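S.K.: from the sequence below, what's the structure:
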Amino acid sequence: MENVSKSQIGGWGFAGLVGVAFLVWLVFAVATDPGRMLQTVVAGIMRGCIYALLALGWVLIYKCSGVLNLAMGELTLIGGYVCWQFNTVFFNLFNGSAEVYGQAKAVVGTIGGELIGVLANPEAFTALPGFPFTVMGPFLLALLATLIIGLILGVLTERVFLDKMIGEPILAVIMVTVGLSFFFNGIVKFIWATNLRPFSPTVFTPGSGLDLLGVVQIEPVYLVAFPVVLVLLLIFMTFFQRTRWGLSMQATADDEMAALSLGVSARFVYAAAWSIAFMAAGVAGTMMSHVEGGVSGRVAFYGLLVLPAVVLGGLNSIPGAVVGGVSIGVMEMLCSVYLSQVRIGNVAVLADVSDWGPLVFMAVFLLYKPFGLWGWERIERV
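M.R.: I've put the predicted structure just below:
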């Protein structure tokens, strides 16, 4: 026990030294160029909110089934391409001939969707800097369609691939998610070939966002992504804590056998978890596609990059997913703006640190806090 205690003290001491060094560097960076630091932190928070939405998909599936969904990257990629496809279709529909537009508006009005008709009408918006509202309506419709497709794909995935895995060893289910990752990737390559497909016309014009006090520039994509993500997070958290279905999902996560004995349907819980994960990944993939300048295979990388956020907050903590997502977003931006500029001679030795930095942080963090900040600490007797 004495050796273990010394080891733990040494580990925490090292972590403390790293933390103090980081704080010293942070104070120095703020004192040197406060505007640059503020811009970096704000951009990291905005980006982190998108990561938080992705982390929610990871956490939800883990809470319900104890399974790490290693296909999360492909779910993100599918969402990006689906939204791009619908955006193209809706833009051609509503901005085509007057006859086609009139017929579409008449149909929408007939079924009681006047709000959709207003969103699709370019004349219904007042032009604001950075927001070409002549294309915003079709994009919002495409985002709504992406949510619906995500709901359907989540149910189908659970029913076709995972329904028969209920009660099977966790490792077997995780391997199924690995297979799903390759399967979804193959489908995407077959349909879209994972080529870069920018949203055309441009929905969010880079460099024309909101200017705060002449110091912080917020890009238009974040001005839309931030409130959309916040609303979705509030809806999901309210669903889990206030509704009967959400409480059933939490009961299944706590004790599956006890929940089944009380009449909770495990099939429904797992289908709902996968559907919400698909929808969250779809919205996040769409927003990250705009950040990257278009949908491409790189969008799938963000579905895995968010894993450190999940580990930081705790694999079964929804508030932890939000805090972890924002924290990793800020960390990524700090690495990109500051550490990536470190050079030895003419060589940028940390050029890609924003990609692997959060993963290194996750590995070190797990050594000292394997359950995350708010994760459940379970001790099992052998």
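S.K.: for the chain, what helix or strand is lowest in average pLDDT?
M.R.: helix 114-120 (a mean of 44; mean pLDDT, DSSP states H and E).
S.K.: so where do the helices sit in the stretch 101-250 of the chain?
M.R.: For the stretch 101-250 of the chain, the helices defined by DSSP state H, counting those that start in this stretch cover 114-120, 133-157, 170-192, 220-242, 244-254.
S.K.: the stretch 251-382 of the chain now?
M.R.: Under DSSP H, counting those that start in this stretch, the stretch 251-382 of the chain gives helices at 256-261, 266-291, 298-305, 307-313, 318-337, 353-368.
S.K.: return the most buried member of those helices.
M.R.: Of all the helices of the stretch 251-382 of the chain, helix 307-313 carries the top mean neighbour count, a mean of 27, counting by mean count of other C-beta atoms under 10 Å. C-beta coordinates here come from the backbone N, C-alpha and C atoms, glycine included.
S.K.: could you list the low-pLDDT ranges of the stretch 151-300 of the chain?
M.R.: The stretch 151-300 of the chain contains residues with pLDDT under 70 at 205-209, 213-214, 253-256, 259.
S.K.: which one is S265 nearest to, not counting chain neighbours?
M.R.: In space, and not counting its chain neighbours, S265 is closest to S248: 7.7 Å by C-beta to C-beta, 6 or more residues apart in numbering.
S.K.: contacting residues for that neighbour?
M.R.: Taking C-beta atoms under 8 Å, 6 or more residues apart in numbering as the contact definition, S248 lies against A259, V264, S265, F268, V269.
S.K.: go through those residues and name the one nearest P34.
M.R.: V269 (48.2 Å; C-beta to C-beta).
S.K.: is the closest one in contact with M249, as I believe?
M.R.: Yes. With contact defined as C-beta atoms under 8 Å, V269 reaches M249; the gap is 4.9 Å.
S.K.: which residues do these two both contact?
M.R.: C64.
S.K.: so which helix or strand takes in the spatially most central residue of the chain?
M.R.: In the chain, the centroid-proximal residue (C-alpha atoms, centre = their mean) is L54; its distance is 2.4 Å. Here L54, judged by DSSP states H and E, is contained in helix 34-65.
S.K.: return the set of buried residues in that helix.
M.R.: 37, 39-65 (16 or more other C-beta atoms under 10 Å).
S.K.: same check, this time on stretch 154-169
M.R.: Neighbour counts over stretch 154-169 (16+ other C-beta under 10 Å) mark G154, V155, T157, E158, F161, L162, M165 as buried.
S.K.: nearest residue to the third one other than its sequence neighbours?
M.R.: It refers to T157. Spatial nearest neighbour of T157, excluding adjacent residues (C-beta to C-beta, 6+ apart): W274 at 5.4 Å.
S.K.: so who does that neighbour touch?
M.R.: Neighbour list for W274: I61, G154, V155, T157, E158, L162 [criterion: C-beta under 8 Å, 6+ apart].
S.K.: spatially, which two of the residues you listed are the most separated?
M.R.: Largest separation among those by C-beta to C-beta: I61 and V155, giving 13.9 Å.
S.K.: still on that earlier bit, and which of the contacts of W274 is nearest to V224?
M.R.: When those are ranked by distance to V224 (C-beta to C-beta), G154 comes first, at 23.9 Å.
S.K.: verify the contact between F91 and P201 for me.
M.R.: Yes. The criterion here is C-beta under 8 Å, and F91 meets it with P201 at 7.1 Å.
S.K.: of those two, which one has the most company?
M.R.: Neighbours per residue, other C-beta atoms under 10 Å: of F91 and P201, the larger number sits with F91, 22 against 14.
S.K.: from F199, how far out is the more buried one?
M.R.: According to C-beta to C-beta, to the nearest Å, F91 stands 9 Å off from F199.
S.K.: for R267, same thing?
M.R.: Going from R267 to F199 by C-beta to C-beta gives 37 Å.
S.K.: could you do L54 as well?
M.R.: Per C-beta to C-beta, L54 is found 20 Å from F199.
S.K.: reformat the buried residues of stretch 154-169 as a markdown table; add distance to F236.
M.R.: Listed next are those as a markdown table, based on distance: C-beta to C-beta, whole Å:
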| residue | distance to F236 |
| --- | --- |
| G154 | 13 |
| V155 | 17 |
| T157 | 19 |
| E158 | 18 |
| F161 | 23 |
| L162 | 21 |
| M165 | 24 |
